[in-house]
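*Asks:* Have a look at this prediction, sequence included:
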Amino acid sequence: MIKKVLFHIYSLGKGGAERVVTTLAAEMAERGIEVCVATLCVSKEEYPLSDKVRRIDVGLTEEEEKKGRLSRMRTRIARLKACLVREKPDVVYAFMQTANYRAILAARGLNIPVIISVRSNPAVDYASKNQKMLANFLYKKAAGAVFQTTGARDFFAKEVADRAAVILNPLNPKYQGIEPPAERRKVFVSVGRFHEAKDYMTLVKAYERVTKEHPEYHLEIYGGASEDNTIHQVREWVRSHHLTEQILFMGDHNDLEKCITDAACYVLSSKYEGMPNALMEAMALGIPVVATDCPSGGPAALIEDGENGLLVEVGNDKEMAAAMCKMLEYPKDAERVSKAARKITEDASVKKIADAWLEYAKKCI
């Protein structure tokens, strides 16, 4: 029986992995399991952590941050190791590349099983030969591994993949049980921070094509800026194509379940994804969805083309525009698709996904 778990992740900043950690931690704590989350730092904006979950700081002091890279790495591992010795969890769930490495190294000699989790497209995060070799070497030492798609799992060595589990992300409960709108607004929506991976440039180009047939429809993009220059590039393209009144930059919102439920269509334009939470949430709300069939297979794992959504080629604005128009021009098909999409609320319920993580941990232990 699992009585205590420890999650390890860099921070609880607003990313997909961080949302999964906070959601799973809260659900496990509600079941009476003692749950700790060990992080290296506090981000400016973070997902809230349940009052029943304890957070532990295993980061560096200001003085330690000034030291060399190798020294910083060793200190972080040592601090996490001390945390594991003190807390004695039944299992450690590590999320994302460097946290995975750190947890495996910190747990050496402690007889505490570590389950690592890859949360994005490994072909990007482990692109170099050295990174892939290092990952396979260390991940073989983990008790287990959780992936979001079979494509991500099969990127790694057979010894890692054969012992791994493929588990969907848990759906945020606030997106469940929401009644479909009486009428849909004449608007397309997309959700996600402005980053080159999201490929919003293809989306705005596709939208421009759509306006030739459906000029009354607008596009709303929800999400903040990231560390790259993507948002400025997209804004400039929109300005130069005289679409500033039709394409609206909505920024970050904490109540998307209220903002987008009545949209005519949700569009995901990503070049690559892990398992897109925003797409899952749109499906749960019953919004007709169009998504790129991008690596490492997240959208394809969620969407059966033509049944509960439409899949299009990555970077193909013409094909994307055609799919967007199809959702408008065949309303009965769009309604059928949206109803089928709502099944995600059963497949990815927090209870079902937490069960999967805990059952897999029992096997690994």
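*Replies:* Noted; the coordinates are in hand.
*Asks:* what does the domain assignment say about the chain?
*Replies:* Domain assignment for the chain, taken from automatic domain parsing, gives 4-170+349-364, 174-346.
*Asks:* okay, those domains in JSON lines with mean pLDDT next?
*Replies:* Formatted as JSON lines, the domains of the chain follow (pLDDT from 0 to 100):
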{"stretch": "domain 4-170+349-364", "mean pLDDT": "96"}
{"stretch": "domain 174-346", "mean pLDDT": "95"}
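*Asks:* Can you lay out those as CSV showing mean neighbour count?
*Replies:* In this view, the C-beta of every residue, glycine as well, is placed from N, C-alpha and C. Below are the domains of the chain laid out as CSV (neighbours: other Cβ atoms under 10 Å):
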stretch, mean neighbour count
domain 4-170+349-364, 18
domain 174-346, 19
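*Asks:* next SSE after the longest helix seen in the chain?
*Replies:* For the chain, the helix with the greatest residue count under DSSP state H is helix 69-87. Beyond helix 69-87 in the direction of the C-terminus, DSSP states H and E gives the next helix or strand as strand 91-95.
*Asks:* other SSEs contacting that following strand?
*Replies:* Strand 91-95 is packed against strand 4-8, helix 16-30, helix 97-106, strand 114-117, helix 350-364, with contacts defined by 3 or more Cβ pairs under 8 Å, 6 or more residues apart in numbering; DSSP states H and E.
*Asks:* Recalculate using a threshold of 7 Å.
*Replies:* Packed against strand 91-95, as judged by 3 or more Cβ pairs under 7 Å, 6 or more residues apart in numbering; DSSP states H and E, are the following elements: strand 4-8, helix 97-106, strand 114-117.
*Asks:* got the angle for the longest one vs strand 91-95?
*Replies:* With axes from the mean of the first three to the mean of the last three Cα atoms, to 10 degrees as the criterion, the two stretches helix 97-106 and strand 91-95 enclose an angle of 150 degrees.
*Asks:* so is the residue nearest to I221 when sequence neighbours are not counted in a helix, a strand, or just coil?
*Replies:* Distances taken as Cβ to Cβ, 6 or more residues apart in numbering place S190 nearest to I221, at 5.2 Å, with adjacent residues excluded. Following DSSP: H, G, I helix; E, B strand; the rest coil, S190 is assigned to strand.
*Asks:* all strands of this protein, in order?
*Replies:* For the chain, the strands defined by DSSP state E cover 4-8, 34-39, 54-57, 91-95, 114-117, 144-147, 165-166, 187-191, 218-222, 247-251, 265-268, 289-292, 310-312.
*Asks:* nearest to K362, of those?
*Replies:* K362 lies closest to strand 91-95 among the strands of the chain, at 8.8 Å (Cβ to Cβ).
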